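> here is my input; please provide its structure:
(chains A and B)
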Amino acid sequence: QVHLLQSGGEVKKPGASVKVSCKASGYTFIVYYIHWVRQAPGQGLEWVGRINPNDGGTVFAQKFQGRVSMTRDTSIDTVYMELTTLRSDDTAIYYCTRGATYSRENDFWGQGTLVTVSS
Amino acid sequence: QSVLTQPPSVSGAPGQRVTIFCTGSSSNIGAPYDVHWYQQFPGAAPKLLIFGNHNRPSGVPDRFSGSKSGTSASLAITGLQAEDEADYYCQSYDTSLSAVVFGGGTKVTVL
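Numbering: from 1, shown residues only, chains lettered A, B, ... in the order given. The predicted structure follows:
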């Protein structure tokens, strides 16, 4: 069975960086893109970007360019998302989710990682 | 401001039919890129409800149906049940933004 297991919650100060991991299991890791989607408290879903685990290629939403990076470790079927220069409005639950291509549906989701940015 | 527009809320009595519309543009739904729908309960991750405009994943009741026409899509819930009370999001891809885009979400309330 497909499973995406994310790392635990983080509390960071403004200006710091956070790195969230997403470990995939139950399928061939390099076949599916991993997208990151965030949800601020009481708000809707917002796409952050995606990584192709096959070649490491990344595409980010314009508002995050320059502040976000995504990497993968194919030896342990894990993807990482790092967000730098954190602000209070980055406080959100960050989800990793699997998609067959850049525009296909996201059929499996991680449990979410709460990132809290507070001084 | 979301690229895809959804009503903030819809409501209906048990057994009724409710429809959620998702309005986009020629650079996303009308491009044409597929529309997908997700259901989210409080404190839980979103769950795929409809993919490729009208397809249901295994296990999703046939009370849920999706359709698409032009630059809009819709999700219909027939025979509304108390357990359907949740937030619903539409999703597509925008070629101008080169980004996945979501609607703002619709809260379904069962009266």
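> so what's the residue count around B:Thr19?
Using other C-beta atoms under 10 Å in any protein chain shown, B:Thr19 has 14 other residues around it. Quick note: C-beta positions are derived from backbone N, CA and C, even for glycine.
> and the helix or strand hosting it, what's buried?
Using DSSP states H and E, B:Thr19 sits in strand B:18-23. For strand B:18-23, the neighbour count (16 or more other C-beta atoms under 10 Å in any protein chain shown) marks B:Val18, B:Ile20, B:Phe21, B:Cys22, B:Thr23 as buried.
> distance to chain A and pLDDT added to those residues, as CSV?
Formatted as CSV, these follow (distance: C-beta to the nearest C-beta, whole Å; pLDDT from 0 to 100):
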residue, distance to chain A, pLDDT
B:Val18, 19, 98
B:Ile20, 13, 98
B:Phe21, 16, 98
B:Cys22, 12, 98
B:Thr23, 15, 98
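> and residue 64, what pLDDT?
Since you didn't name a chain, this refers to chain A. Predicted confidence (pLDDT) at A:Phe64: the value is 97.
> chain B was what I was after
For B:Phe64, the pLDDT comes out at 98.
> sorry, back to before: which of the buried residues of strand B:18-23 lies closest to A:Tyr94?
Taking C-beta to C-beta as the measure, B:Cys22 is the one of these closest to A:Tyr94, at 23.8 Å.
> tell me who's in contact with the closest one.
B:Leu4, B:Thr5, B:Gln6, B:Ile29, B:Val35, B:Trp37, B:Ser72, B:Ala73, B:Ser74, B:Leu75, B:Cys90, B:Gly103 (C-beta atoms under 8 Å, 6 or more residues apart in numbering or on different chains).
> go on, A:Ser118?
A:Val11, A:Lys12, A:Lys13, A:Pro14, A:Ser88, A:Thr91.
> which ones among the residues you listed are found in strands?
Judged by DSSP state E, strands contain the following of the contacts of A:Ser118: A:Val11, A:Lys12.
> of the contacts of A:Ser118, keep whichever come out buried.
Applying 16+ other C-beta under 10 Å to the contacts of A:Ser118, the neighbour count classes A:Lys12, A:Thr91 as buried.
> now tabulate the contacts of A:Ser118 in JSON lines and tack on distance to B:Ile50.
As requested, the contacts of A:Ser118 are exported to JSON lines (distance: C-beta to C-beta, whole Å):
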{"residue": "A:Val11", "distance to B:Ile50": "36"}
{"residue": "A:Lys12", "distance to B:Ile50": "36"}
{"residue": "A:Lys13", "distance to B:Ile50": "41"}
{"residue": "A:Pro14", "distance to B:Ile50": "39"}
{"residue": "A:Ser88", "distance to B:Ile50": "35"}
{"residue": "A:Thr91", "distance to B:Ile50": "30"}
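> with that, I have no additional questions.
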